[in-house]
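# structure for the following, please:
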Amino acid sequence: DVLILDEPTNHLDEDMIRWLEQYLRRYRGTVILVPHDRYFLDQVTNRILEISRGKLYSYEANYSRFLELKSQREEMELAAERKRQSILRIEPEFDKAVELDSVETRMGKKTVELHGISKSYGDRKIVEDFSYIFLKNQTVAFVGPNGCGKSTLLKMIAGQIEPDSGTVELGETIRLGYFAQEIPEMDEDQRVIDYVKDIAEYIPTRDGRISASQMLERFLFTPDMQYNPIGKLSGGEKRRLYLLSVLQIGPNVLVMDEVSNELDIPTLAILEDYLNSFVGIVILVSHDRYFLDNTVDRIFAFDGDGHFRQYEGGYTDYLEARKREKAENSGADFE
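Down below sits the predicted model:
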């Protein structure tokens, strides 16, 4: 039997993804996957096929081992190419790791403060009396099952909706960028470069300012793509452009709702590098466990009835803490 799955983890919550992983590990047939969930790849795959520069490479590995083998292959290719260059004296082009400097926007003493916020829809409590002050250079994630109210909480922080009670306070120097799950409507006839330039021609970074075109290149939009109409972009490319538009405003606070959905792995790697060098606060909702491991230092898990439980570290740290809690409470491993 053959099972073909195209981006199976998109829009699934943490519990459902874990169930799918267990199911696929028990599955006795062949499974062919096209995913971007790297944690999922580590859990279920034993062979990876990589398409790079028109060539196909095969690795008997999960994702973590694939990264090691890919690096070894590229080093060997680079050594062979350098030897060839000594004869031909030409400069080849290789896949390049894209480096993206963080935007610099000054932040004052007061940041983002939540004071006793509550929100309900009918009898359903989304958030109940939640208070928290976000610290400078902190990346915080909210996790929980679909429908528990994570997006509602982010919308309250971003000022999109009002809490029923309590207050959300932003410091005077806060410049907030909000990335929603839904891509906003775009003019399909507008050129990609003009879409970004309408937001800002240049943005400041630690190494000086960079232009809209340079920012686009760093997010894998080639010069040719930049002058194409937005209507020619794929769904994933539009989402990447939307992400870039949020960064282009020069925020010092990023509020990101499922930012990793429908982004390919190279784009996710660029975004992770960006967030790790970001001088500001990042508040996000994501079910991408690999992304969480690479970016966050504190997790709030929905604990039912509008309340949260705080965990330090990334997703793996959170999962280990959950296992310990389960073992302490029932003597059984959390699964």
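
# when you work out contacts or count neighbours from here on, use the C-alpha atoms and nothing else.
Fine.

# and Ile174, how close does it get to Gly250?
Ile174 sits 11 Å away from Gly250, going by CA to CA, to the nearest Å.

# and stretch 22-40, what's buried?
Applying a neighbour-count criterion of 16 or more other CA atoms under 10 Å, one finds Leu24, Leu33, Pro35, His36, Asp37, Arg38, Tyr39, Phe40 buried in stretch 22-40.

# do the same with stretch 223-235
By neighbour count, with 16+ other CA under 10 Å as the criterion, the buried positions of stretch 223-235 are Met225, Gln226, Asn228, Pro229, Ile230, Leu233.

# on that earlier part again, tell me which two in the buried residues of stretch 22-40 are the farthest apart.
Greatest spacing in the buried residues of stretch 22-40, by CA to CA: Leu24 and His36 (16.4 Å).

# for the helix or strand encompassing Thr316, buried residues please.
In this structure, Thr316 is located in helix 315-330 according to DSSP states H and E. The neighbour-count check on helix 315-330 (16+ other CA under 10 Å) flags Tyr315, Asp317, Tyr318, Arg322, Lys323, Arg324 as buried.

# of the residues you listed, which is the nearest to Leu49?
Ranked by distance to Leu49 (CA to CA), the buried residues of helix 315-330 are led by Tyr315 at 26.6 Å.

# nearest spatial neighbour of the closest one, chain-adjacent residues omitted?
Asp293 (5.1 Å; CA to CA, 6 or more residues apart in numbering).

# which helix or strand contains that neighbour?
In this structure, Asp293 sits in helix 289-295 according to DSSP H and E.

# count of neighbours near the spatially closest residue to Val246 that is not a sequence neighbour?
Leaving aside its chain neighbours, Val246 sits nearest to Gly177 (5.6 Å; criterion: CA to CA, 6+ apart). For Gly177, the count of nearby residues is 21 (other CA atoms under 10 Å).

# helix, strand, or coil at the most centrally placed residue in the chain?
Relative to the mean C-alpha position of the chain, the nearest C-alpha, by CA atoms, centre = their mean, is the one of Ser260, at 3.7 Å. Assigned with DSSP: H, G, I helix; E, B strand; the rest coil, Ser260 falls in the coil class.

# so it touches Ala269, yeah?
No. Counting by CA atoms under 8 Å, Ser260 sits too far from Ala269 to count as a contact (10.3 Å).

# quick one: low-confidence parts of the stretch 51-200 of the chain?
Low-confidence segments of the stretch 51-200 of the chain (pLDDT under 70): 79-105.

# quick one, helices of it?
Ranges of helices in the stretch 51-200 of the chain, per DSSP state H, counting those that start in this stretch, are 63-88, 150-157, 192-197.

# tell me where the stretch 51-200 of the chain has strands.
Listed in chain order, the strands of the stretch 51-200 of the chain (DSSP state E, counting those that start in this stretch) span residues 55-59, 112-121, 124-134, 139-143, 165-170, 176-179.

# can you say which of these is packed in most?
Ranked by average neighbour count under the criterion mean count of other CA atoms under 10 Å, the strands of the stretch 51-200 of the chain are headed by strand 139-143 at a mean of 24.

# next, the angle helix 315-330 makes with that strand.
Note on geometry: by axes from the mean of the first three to the mean of the last three CA atoms, to 10 degrees, strand 139-143 and helix 315-330 are set 50 degrees apart in direction.

# elements contacting strand 139-143?
Packed against strand 139-143, as judged by 3 or more CA pairs under 8 Å, 6 or more residues apart in numbering; DSSP states H and E, are the following elements: strand 281-285, strand 298-304.

# lowest average pLDDT across these?
Least confident of the helices and strands packed on strand 139-143, judged by mean pLDDT, is strand 298-304 with a mean of 90.

# what about the buried residues of stretch 22-40, which are in strands?
Using DSSP state E, the subset of these located in strands is Leu33.

# for the buried residues of stretch 22-40, which one is nearest Leu67?
Distance from Leu67 was checked for each of the buried residues of stretch 22-40 by CA to CA. The minimum falls on Arg38, at 10.8 Å.

# doesn't Tyr63 make contact with that closest one?
Yes. Counting by CA under 8 Å, Arg38 does reach Tyr63; the two are 6.4 Å apart.

# picking up where we left off before, for Glu217, which of the helices and strands packed on strand 139-143 is the nearest?
Ranking those by their distance to Glu217 (criterion: CA to CA) puts strand 281-285 first, at 23.4 Å.

# average model confidence for the helix holding Thr316?
Computed over helix 315-330, the average pLDDT equals 88.

# that one - contacts with which helices or strands?
The criterion is 3+ CA pairs under 8 Å, 6+ apart, and the helices and strands that helix 315-330 contacts are helix 289-295, strand 307-312.
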